[in-house]
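> sequence and predicted structure, then a few things I'm wondering about:
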Amino acid sequence: MRKLFKKLHLWLALPAGIVITVTCLTGAILVFQDEIQELCLPKRYTVSGYENREPMSFAELVPIVNAQLDDNEVASVQTYPHPKKTYRMGLKNGRRVTAFVNPYTGEVIAVSTFSKSFFGNVMMLHRWLMFEGKARQTGKVIVGVSTIFFVFILISGIAIWFPRNRKQARQAFSIKWKSGRRRLWYDAHRVLGFYAALILLMLALTGLMWSFSWYRDGVTNLLTKRDNKETPPRSNIPRNGNTKTEEKNIDYTIWQHAIASLPNDYKYAYVRVENGAISALPLSAWHERAIDRFSFDKESGEITAFQPFLERPARSNVMSINYILHTGKFGGFLVKVLMFLAALIGASLPVTGYWLWWRKRR
């Protein structure tokens, strides 16, 4: 059985190793995407010197912003209770196009298109190997198949690593730093791979949810015990603050009134509003996708419906929970560090594995 696992480990790793390295390395970069952006571009995310002023009303603010945009206009506004935070405004034209706005003056600090940003390119490499257009599906399949291979590589690797006696058990958990380069590479592959294996398995299994619809449907049906005929409800609130709307002559005073109509005891980390809908992240939420949704009357701004995250159908929350498990956004900074280190180790495993295979052939 051990020989079978070794052959499976080798012959799956040889064709998939390069893709696994690329996917893990880009994944490691994306772990701290938000922190890196806020550190490198502080003026985009915060303003100062307005502590004693109130933000402008939407009726004043949005027309000022629209006047600064070339052939585009505001479709949604994301606000924060912290007085130093800029507003993020999703724009009507384009995918994931966001304007960062000073809420006290209406100045557009920056306009960002995610697909053209550094992290947008890293994401394209991570999910589609930089394939674009119709070829993107090819890239997604290559990444998905390589990820399936990675699952079996990790399982077979654990089986190969498993010590058969006490002597092996004493050597299985530590790297011998002074026993030569070949032994160092061997231990780096074997020992580090073991320590990262469980996290890498979770990352691989959750990552497959974006690669194949049959896998996503199967996992969703398994977790929710529903049949394939039932489809999750789709919200008209955009995930990334961008939406396309045919509404014209919007009264942004209604948006302001809708936010003011939220329950008095509702404390939020951010509120995103568009015409007729609000999504809000409560301060008590245990992850960033635990968003509550509101609907409001477009004529009066009165709240007409409220759906907390925990009361939404289980099927509609599967991908939200899958996302925070895949990105490590569920346990604070320490979990992100563990995800980052595991992804780096995952990127190194094909490199050390290729080197060991090449040395053995020599």
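Alright, I've got the coordinates.
> burial of the residue nearest to residue 276 when sequence neighbours are not counted, as a residue count?
Nearest residue to residue 276, sequence neighbours excluded (C-beta to C-beta, 6 or more residues apart in numbering): residue 298, at 5.1 Å. For every residue, glycine as well, the C-beta is placed using N, CA and C. By the other C-beta atoms under 10 Å criterion, the neighbourhood of residue 298 contains 16 residues.
> quick one: pLDDT of residue 288?
Note on residue 288: pLDDT of 88.
> for residue 145, give its distance to residue 356.
Distance, residue 145 to residue 356, by C-beta to C-beta, to the nearest Å: 24 Å.
> no wait, residue 133
39 Å.
> more neighbours, the two?
A direct count of neighbours by other C-beta under 10 Å for residue 133 and residue 356 places residue 356 higher, at 16 against 6.
> thought the more buried one was touching residue 187?
No: assessed by C-beta atoms under 8 Å, residue 356 is found out of contact with residue 187, at 10.7 Å.
> tell me where the model's unsure across the protein.
Counting by pLDDT under 70, the ranges of the chain that qualify are 226-248.
> which stretches in it count as strands?
Along the chain, the stretches classed as strands by DSSP state E are 74-79, 87-91, 97-101, 108-113, 268-274, 277-282, 292-296, 303-307.
> now do the buried residues in the third one.
If I follow you right, that is strand 97-101. Residues of strand 97-101 classed as buried: 97, 98, 99, 100, 101 (neighbour count, 16 or more other C-beta atoms under 10 Å).
> helices and strands around that strand, which ones?
Helices and strands touching strand 97-101, by 3 or more C-beta pairs under 8 Å, 6 or more residues apart in numbering; DSSP states H and E, are helix 58-68, strand 87-91, strand 108-113.
> show me what that strand pairs with in its sheet, parallel or antiparallel.
strand 87-91 (antiparallel), strand 108-113 (antiparallel) (DSSP bridges).
> residue 284 is nearest to which of those?
Among these, strand 87-91 comes nearest to residue 284, with 21.9 Å by C-beta to C-beta.
> pull the CA atoms of stretch 300-312 into PDB?
In PDB, the C-alpha atoms belonging to stretch 300-312 read as follows (Å, rounded to 0.1, in the frame of the first residue of the first chain):
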ATOM      1  CA  SER A 300     -40.400  57.000   1.300                       C
ATOM      2  CA  GLY A 301     -37.200  55.300   2.400                       C
ATOM      3  CA  GLU A 302     -39.100  53.300   5.100                       C
ATOM      4  CA  ILE A 303     -37.700  49.800   5.800                       C
ATOM      5  CA  THR A 304     -40.000  47.200   4.400                       C
ATOM      6  CA  ALA A 305     -38.100  43.900   5.000                       C
ATOM      7  CA  PHE A 306     -35.300  42.700   7.200                       C
ATOM      8  CA  GLN A 307     -33.400  39.400   6.800                       C
ATOM      9  CA  PRO A 308     -30.600  38.600   9.300                       C
ATOM     10  CA  PHE A 309     -27.700  36.500   8.000                       C
ATOM     11  CA  LEU A 310     -28.600  33.600  10.400                       C
ATOM     12  CA  GLU A 311     -32.200  33.600   9.200                       C
ATOM     13  CA  ARG A 312     -31.400  33.300   5.500                       C
END
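> hmm, who's touching that stretch?
The contact list for stretch 300-312 (C-beta atoms under 8 Å, 6 or more residues apart in numbering) reads 233, 253-258, 260-262, 285, 289-297, 317, 320.
> got it, and stretch 125-141?
With C-beta under 8 Å, 6+ apart as the criterion, stretch 125-141 contacts 19, 22, 23, 26, 27, 30, 121, 124, 142, 143, 210, 211.
> buried subset of those residues, written for ChimeraX?
The following ChimeraX line selects those of those that are buried, judged by 16+ other C-beta under 10 Å:
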select :19,22,23,26,27,30,124,142,143,210,211
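> isn't residue 99 right up against residue 113?
No: contact criterion C-beta under 8 Å: residue 99 and residue 113 do not qualify, at 10.6 Å.
> do you know how far residue 181 is from residue 188?
10 Å.
> the more surrounded of the two?
Of the pair residue 181 and residue 188, residue 188 is the one with more neighbours under other C-beta under 10 Å, namely 18 against 9.
> list the residues that contact that one.
By C-beta under 8 Å, 6+ apart, the neighbours of residue 188 are 175, 348, 352.
> just the buried ones from these, in ChimeraX syntax?
Applying 16+ other C-beta under 10 Å to those, the buried members can be selected in ChimeraX as follows:
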select :348,352
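> and the nearest residue to residue 317 once chain neighbours are set aside, how far from residue 321?
Excluding the flanking residues, the one nearest residue 317 by C-beta to C-beta, 6+ apart is residue 309, at 6.9 Å. Here the criterion is C-beta to C-beta. By it, residue 309 lies 10 Å from residue 321.
> buried sites along stretch 301-312?
Applying 16+ other C-beta under 10 Å to stretch 301-312 flags 301, 303, 307, 309, 312 as buried.
> looking at these, which is nearest residue 161?
residue 309 (39.7 Å).
> how much space between the closest one and residue 52?
For residue 309, the distance to residue 52 equals 35 Å [C-beta to C-beta].
> quick one on the thing from earlier: identify the contacts common to residue 309 and residue 321.
Here residue 309 and residue 321 share the contacting residues residue 289, scored by C-beta under 8 Å, 6+ apart.
> redo the buried residues of stretch 301-312 as JSON lines? Include distance to residue 58.
Shown next, in JSON lines, are the buried residues of stretch 301-312 (distance: C-beta to C-beta, whole Å):
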{"residue": "301", "distance to residue 58": "11"}
{"residue": "303", "distance to residue 58": "17"}
{"residue": "307", "distance to residue 58": "23"}
{"residue": "309", "distance to residue 58": "25"}
{"residue": "312", "distance to residue 58": "27"}
